[in-house]
Structures are given as structure tokens and as C-alpha cells.
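S.K.: dropping the sequence and predicted coords here.
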Amino acid sequence: MSDRIVRNGNLAALATAVLQPGFVGTVPPAWICRWLGDGLGSVVLFGRNVVDPGQVAALTAALRAERSDVIVAIDEEAGDVTRIESGRGSSRPGNLALGAIDDPVLTEEVARDLGVELAAAGVTLNYAPDVDVNSNPDNPIIGVRSFGADPSLVARHATAWVRGLQSAGVAACAKHFPGHGDTRVDSHHDLPRIDADRVRLHTVELAPFRAAVAAGVQAVMTGHLLVPALDPDLPATLSGRVLGGLLREEMGFDGVVVTDAVEMGAVAGRYGLAGAAVRALAAGADAICVGGEHADEETARQLRDAIVDAVVDGELPEERLTEAAKRVGQLADWTATARTCRTYPPGTPGAAAGGSAVGLVAARRAVRVTTGDAAPSLPLTRPAHVVEFQPPHHVAIGSETPWGVAVPLAALVPGTTSVRYAENSVPSDPAADAAGRPLVLVVRDLHRHAWMGDAVDRALATRPDAVVVELGVPARVTGAVHVATHGATRAAGRAAAELLAGGVVSPGW
């Protein structure tokens, strides 16, 4: 056997180790099992891989039968972005709600509760918390995923979340470095640009990441962001100045750097899928997340071969690839040790039909009510008509994930009716069907959607006594009664319904 063949075989094993692919199905496909035998270090689960906790536990056990220390990652923010509860909506309130309460002890408890549930299902790495500072209320992709607009608030809740999740034996991953909060562009589609100077970046965007690093966060996820004050030419994911110079050297982070999905338009649209992966590794990333969209063996093979070719051609130093694979192995060791130190019996938090008990407590505490002079009294005394306005689909949120107030309110008050309107289906009078009954208008990020604002204004013109329930960022307060839940999770909808009806929704709704 020639030295070249041996070297290329070693390089292929290293390249395989740094990939973190997704796959389709609720059991591991044959190609994933083969690749685990060939050294694949990680996989990532999405909503398409989840039916219930028992099924996920069986899936992860099958993965570990092929490789005992495989890292099983998931993108579970326990808010509007949920994978483990994608089919019914999260039973926890999400980051903005926790920030509105501003009780770090509660945040840590919610994160620990989630960690116990994930660990019981065999998940060992969670792409959370989102520690972006949502300083731009028009941000199309962060919003309620952030703890808030105050960097010190975000920092203390980032610390609490990391401690809570990792105390349950699941590695946390702070995202999206160096901060996706002050953007107007969604990096799934194009490259956002942040024009803040270095002083502002260190004061605002980077403060929560410093807190997460100090708290011992095991992983950091890159953002596909152009930040000229740090690197005028390359997105952060592909920038040695950002990943090596800032994150490693200045901030002292020595854990795993995971890319945001490399198929996203902000990087793949400019450099191609393989080009983005190779450049990310060269810049200092350790694990390449892929498979939200390209969840197949051919994509994984393409990336592996491109990484090998880049080393052979001198584009990617072999020492850099070796270092990346070593860091992935160190994280695998951490997760394996964490699993052996803890046991997770049946009936763990969140696994029951009612979901997370502490999550519901938090969702109730996050509700804020603003009333005007002509405010109707709450709770409502009769069945209401609920009008829900549906914004365009948020790409980070599973299209299958339900949301709203009408369903839990109907469970409390029989006779409740409802309708949901998208932009192209709103009638001239959205309140017409209320027919004298109490009217509830449910919105998500009302301030960001002109058509929604116009529809709500028309409804309030004929029904000034209507209750407005905001499930997004409450930047625009309107209506005689305005209810802000700070998120559109199942727990948030249930908390709003309980406030409106003056009752408690049964756990199994």
C-alpha cells in the first residue's frame, strides 16, 4: 500500500470526523450507520427525525450501537424554534419570555429541565442558547429567539442557560457568533452586514458570548455575517480573524466551533457548499453542520472528498484538520462522561403529555397586560371569536409546528370560534364574524408587517373593545387590552388563553 493511499485514508477519516450531517427518517439510515463505522463523529437531528421521546431514545440508541461516543446534536431552543416538540409546539416559553421575567434562577431551571429531557432521549449537544442581542426590532430571523435587547440581560441569561443545560449532561452551544441581533437580512437567504465599530461590538454583540465562555460553554456556533470592523472581506464563519483571532485568542474559547448550516445562502451562495466547508475549517471551525436541506449521503461524500482534496492541494493545512477532529473528539469524551455520570429514568420532565411543568410556570410569568381607558374586563365572560393573523413562514421554525391562542381558548371555553388569515386572505373587515361577541386579535411581530397592522387597525376601528394578543416581539402596543406573551410557543398560547378565560387549560390539550 502506497504512502499516498495511507495518507489519503487518514485524511478521509479526519474529514469524516468533522462532519455533522443530518438525515431523513425516524431510524438511522444505512448510510449513517456505515459512516459511523468509518469515523463519523456527529449527527444532527431535526423535527423530521422526531415522533416522541421514546422513538428518539430508540434512534439514538441505534446510533450508539454503531459508535458509542457519537455526538447527537439537535437545534432545540425550547421556544418558537423547537425540534423535540416540533409536532405540538414547545411546552417552554422561549428566550424572550425568560428575558422579560428576568429571573436567571428560573432560566437555569428551565434549561436544566430541558437538558434532562434531551439527555433521557440520548441527545448530547444542543444548538442553544441563542445569545444574540436583538437590538434591531426589525430583525427578521432572531426576534423572540433572543433574551432581549439589553446586552447585560442577555449575558446573565446566557450564563444561566449554559449552566442549567450542561448540569443535566447536555453540551450547550452559544450562537450565532459574533452576534446576529442587529441585522435586517436573514442569513438563510443572503449575507447580513453589521456595520458596528469594534467598541460597539465588544460592548453589545460580544458581551453575551464572553459570559457564555466564562460559564464553560462547550461549543459556539458561527453566524454567516459580514462584520467589516472584524474582517472586511469574509463572513465570520469563513474568517480566521473572527474565529482564530477574536474567539480563540482574544476571548480564550477552547471548545468546539460549529458552523451554522453551510448550505445557507449567505455562504453557499457565494462559495458553494464544499467551498464554504473548506474555508470554514481553514478559518478555525471544528465541525461542519449540514443537512437541514441537503440530508443525503452524496452531500456528505462531496464534503468529505472536498476536505481531503483541499489538504492535498495545500488549501487546508493538515494540522488544522487534525486539530478540528481532536476538538470534536474531546467534546465526544465530555458528552460520554456526562452520560455515564447521570441516569435518566422514564417519566423525565417534559416527557408527559402535558409537557414541561416549569416551562408553563415560566410562560405564565412572562405574560404582560397593557390596558387603555375603554378596556373590557378580563376574564372574558362569553365565548369569543378569535382572529389569528399568520405572518410569512419563518424559515428557522418548523412549518409543522402549531401556534396560536384559539385552540387552547376553545378547550377552556366551548363555543369559541376562530379564523386565521394570511396576507392575501384578509377581508376588509376582519372583525365582521364576531357578531357582537368578544373579539380576540392574535398577531406575531405586528410592527414588522404593514398588512397585519392595517388589518388590526380596521378591526379595532369597528371593535375598539377587542383584545390584541401579541405572540412576537411586543414593539407595537395597541388595542384596549394588549396581551404580550413574548413568544408563540404552545406554553405561551396556553398562558394567554388562561388569562383570557380565567381558567387553567388541562395538561393534555
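M.R.: Right, received. Where do you want to start? Numbering: from 1, shown residues only.

S.K.: ok, now which ones touch residue 76?
M.R.: 82-84, 114, 118, 123, 126-128 (C-beta atoms under 8 Å, 6 or more residues apart in numbering). From N, CA and C alone the C-beta is placed, and that goes for glycine too.

S.K.: okay, and which of those map to strands?
M.R.: Counted as lying in strands by DSSP state E, out of these, are residue 126.

S.K.: of the contacts of residue 76, which is the nearest to residue 322?
M.R.: residue 127 (24.8 Å; C-beta to C-beta).

S.K.: name the nearest residue to that closest one, ignoring sequence neighbours.
M.R.: Using C-beta to C-beta, 6 or more residues apart in numbering and skipping the chain neighbours, the partner closest in space to residue 127 is residue 75 (4.4 Å).

S.K.: one more: residue 416?
M.R.: residue 410 (4.1 Å).

S.K.: following the one helix or strand the one you found maps to, which helix or strand comes up?
M.R.: Using DSSP states H and E, residue 410 sits within helix 406-412. Where DSSP H and E defines the elements, the next helix or strand beyond helix 406-412 is strand 417-421.

S.K.: please point out which parts of stretch 266-282 sit buried.
M.R.: 266-268, 270-271, 273-282 (16 or more other C-beta atoms under 10 Å).

S.K.: downstream of the longest strand along the chain, the next helix or strand is which one?
M.R.: For the chain, the strand with the greatest residue count under DSSP E is strand 171-177. The helix or strand immediately downstream of strand 171-177 is helix 198-203, counting by DSSP H and E.

S.K.: contacts for that next one, please.
M.R.: Taking C-beta under 8 Å, 6+ apart as the rule, helix 198-203 contacts 151, 178-179, 194, 227, 229-230.

S.K.: again, only using 6 Å
M.R.: residue 229 (C-beta atoms under 6 Å, 6 or more residues apart in numbering).

S.K.: quick revisit: who are the packing partners of the helix holding residue 410?
M.R.: Applying 3 or more C-beta pairs under 6 Å, 6 or more residues apart in numbering; DSSP states H and E, we find helix 406-412 packed against helix 490-501.

S.K.: of the contacts of residue 76, closest to residue 404?
M.R.: So of the contacts of residue 76, ranked by how close each gets to residue 404 (C-beta to C-beta), first place is residue 82, at 15.0 Å.

S.K.: helix or strand for the nearest residue to that closest one once chain neighbours are set aside, which one?
M.R.: Leaving aside its sequence neighbours, residue 82 sits nearest to residue 90 (C-beta to C-beta, 6+ apart; 4.0 Å). According to DSSP H and E, residue 90 maps onto no helix or strand at all.

S.K.: list phi and psi for residue 90.
M.R.: phi -70, psi 140 (degrees, to the nearest 10).

S.K.: contact partners for it?
M.R.: Residue 90 touches 78-79, 82, 489-490, counting by C-beta under 6 Å, 6+ apart.

S.K.: picking up where we left off before, tell me the pLDDT of the residue nearest to residue 127.
M.R.: The per-residue pLDDT reported for residue 75 equals 96.

S.K.: count of neighbours near it?
M.R.: Residues lying near residue 75 (other C-beta atoms under 10 Å) number 24.

S.K.: thought it was touching residue 128?
M.R.: No. Using C-beta atoms under 6 Å, residue 75 is not in contact with residue 128; the gap is 7.6 Å.

S.K.: if we can go back for a sec, can you tell me how far the residue nearest to residue 127 is from residue 384?
M.R.: In this view, residue 75 and residue 384 are 35 Å apart by C-beta to C-beta, to the nearest Å.

S.K.: do residue 210 as well
M.R.: Taking C-beta to C-beta, one finds residue 210 at 47 Å from residue 384.

S.K.: and those two? Which one has more around it.
M.R.: residue 384 (25 against 19).

S.K.: not counting sequence-adjacent ones, nearest residue to that one?
M.R.: Nearest non-adjacent residue to residue 384 (C-beta to C-beta, 6+ apart): residue 438, at 4.0 Å.
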